[in-house]
Structures are given as C-alpha cells and as structure tokens.
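Visitor: Next one to model:
(chains A and B)
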Amino acid sequence: MTGVPLSWYLVLSAILFALGVAGFLFRRNIITLFMSIELMLNAVNLSFVSFSYQWAQVNGHIFTFFVMVVAAAEAAVGLAIILTVFKNRQTLNVDDVNSMKY
Amino acid sequence: MDVILFLAFAAFAVVCGINVVLQSHPISSALSLIGVMGSLAVLYLLLGAEFIAAAQLIVYAGAIMVLFLFVIMLLNAGSEAKRGRSLLVQFMGVPVMVSLLGLLSYFVLRLFPAAPPVRFGNFRGGSPRSFGEVLFTQYLLPFEVTSVLILIAIIGAVVLARKEID
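Guide: Sure, this is the predicted structure:
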C-alpha cells in the first residue's frame, strides 16, 4: 500500500492559497473578501499540519491552533466593522468605501 | 486507500475553492467555503491531526462560518454588481495568480522530491493528550496571551457594533 507524497499536500495548499489571493483581488464584496482571507489561512494551516507530519512533531498543530484562534478574533472584529460600514454607507462594495484613499 | 481518500477530498476542496471565487452571491461562497473546510478536516485526519481536525470542524466550519452566514443574512446582501475593475487587475490578475501558483509548486516539488510518503497512522502525536501536553507546558505563555487577544476582540466587537446611545 503506497501513501500520498508529502508534496501533493503542499501543492494542494498552494492551490488553495492562490485561489484565496485570486478571490481577494477579483471580488468586490467585502464579505467575500473576508472569506478569501479565511481560505488563505486554511491553506497555510494545511501546510503547517503537513510539515508537522513530516518532522513528527506536534508544534505545527499548535501553530494551526493559534491561527484558528486569531482567525476567530479577526472574524468577530471584521464582521463588526462590516456591520458599522453598512450602517453608515448602505453598501458592501469595497470600491464605494474609499474616503481614506484621497 | 490513502491515495483515493486524498484525491477525492483534495478535488472536492479545489472545486469548492474555485466556487468560492466564482460565485456571485455571498451565501453560495460561504457554503462552498464550508465544503473546503470540511474536506480539509478529513485531510488533517489523514495526516494524524485528530484534535486539529475536530477543532477545524467545530471552530471554523461551525462557529466562524455561522457568524459569516449570520452577517450575510442580517445585511441582506444580494449578488455582487458586475462593475468595471481596475485595468491592472483585469489584465495582470490571472497571469500573476498562475505564476504565483507555479512558483510555489516549483519550490515545493524541488524541496521535497524524496520525502517519505504520507501514510495514515504513521504519526500518532496529534491526539488531544499529546497536543495538550505541549500546549500547556512549552506554549503556555502564547496560550495565555491568546486569551487576552480574544478578550480584546470581544470588547472591540461590542464597541463597534453597539447602537449609539445619545
């Protein structure tokens, strides 16, 4: 019985990361941008767990755990910011929220 | 068996990830993202990370995505308007993405050509017991700092989202 090469996991992680970056660049809905960030964080988590397997250490799992915690905190604060922006501007399009750009 | 499980769930994850980017309605994107997270949890199990797989399902697919869906429904967010993007993104976006992916894959395949293949059951250090032993001894200070971070995030969310009281 043959196993899966480690590099396949890492390539999958790279694919998911690139998809997250693409979503962040192409999408204009601020909630979808947040979901793209979550996708990128998940891709990095997969790399951490793969390397943890590779070197037979649990430290990668700990890093993944901390990434999850930070993602939860980020989602809570970010969605509160989105709610406030929507309350003040009645829009979710990031192109319309540009008063700090000029 | 390992290969079949990996290929099935990796393909599911990639399809759902593409769906996250392509769907125009945020609800569809969120549901696809839940698919990505569920299949990643299966891959974590294959890599021997039992605790992380459970936490992935409970924290990510459970808590965080429910928060997202809740906000999408609360704001009644409709489909994204198709509007002109900046020229830079329109013409450079896809080539830059493909070259980023190619570069990452190249380095991965170059750096780990002969790594021993992943077999289910080879690594047994991911159980909650061994995870907790390391977390509460070696990484105790970061753990406590994280609790402070969560507290600050909760206070920040409450301050941001409350109604203005005049």
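
Visitor: Could you verify my assumption that B:Leu47 touches B:Val118?
Guide: Yes - the criterion here is Cβ atoms under 8 Å, and B:Leu47 meets it with B:Val118 at 6.4 Å. Using the backbone N, CA and C atoms, a C-beta is placed for each residue, glycine as well.

Visitor: Among these two, which residue is more densely surrounded?
Guide: B:Leu47 (28 against 24; other Cβ atoms under 10 Å in any protein chain shown).

Visitor: between B:Leu47 and B:Val118, what contacts are shared?
Guide: Here B:Leu47 and B:Val118 share the contacting residues A:9, A:50, A:53, scored by Cβ atoms under 8 Å, 6 or more residues apart in numbering or on different chains.

Visitor: Chain B: which of those is nearest?
Guide: A:Tyr53 (4.6 Å; Cβ to the nearest Cβ).

Visitor: and that closest one, what is it in contact with?
Guide: Going by Cβ under 8 Å, 6+ apart, A:Tyr53 touches A:6, A:60, B:47-49, B:118, B:122-123.

Visitor: how about 10 Å then?
Guide: Taking Cβ atoms under 10 Å, 6 or more residues apart in numbering or on different chains, we find A:Tyr53 in contact with A:6, A:9, A:60-61, B:44, B:46-49, B:115-116, B:118-119, B:122-123, B:125-126.

Visitor: And A:Ala73, by the same measure?
Guide: Counting by Cβ under 10 Å, 6+ apart, A:Ala73 has contacts B:146, B:149-154, B:156-157.

Visitor: host element of it?
Guide: According to DSSP states H and E, A:Ala73 maps onto helix A:59-89.

Visitor: Next, the buried residues of that helix.
Guide: Residues of helix A:59-89 classed as buried by neighbour count (16 or more other Cβ atoms under 10 Å in any protein chain shown): A:60-66, A:68-69, A:71-83, A:85-86.

Visitor: Next: stretch B:128-145.
Guide: Within stretch B:128-145, the residues scored as buried using 16+ other Cβ under 10 Å are B:131, B:134-135, B:139.

Visitor: what does stretch A:40-58 give?
Guide: A:40-54, A:58.

Visitor: any idea of the mean pLDDT for that stretch?
Guide: Here stretch A:40-58 scores 91 as its mean pLDDT.

Visitor: Least confident secondary structure element in chain B?
Guide: Least confident helix or strand, chain B: helix B:87-111 with a mean of 82, by mean pLDDT, DSSP states H and E.

Visitor: From the chain's centroid, how far away is it?
Guide: Mean-position distance between helix B:87-111 and its chain equals 20 Å (Cα atoms, centre = their mean, to the nearest Å).

Visitor: The next helix or strand after that helix - contacts with which helices or strands?
Guide: Moving toward the C-terminus from helix B:87-111, the next helix or strand (DSSP H and E) is helix B:128-135. Secondary-structure packing of helix B:128-135 (3 or more Cβ pairs under 10 Å, 6 or more residues apart in numbering or on different chains; DSSP states H and E): helix A:59-89, helix B:50-55, helix B:140-161.
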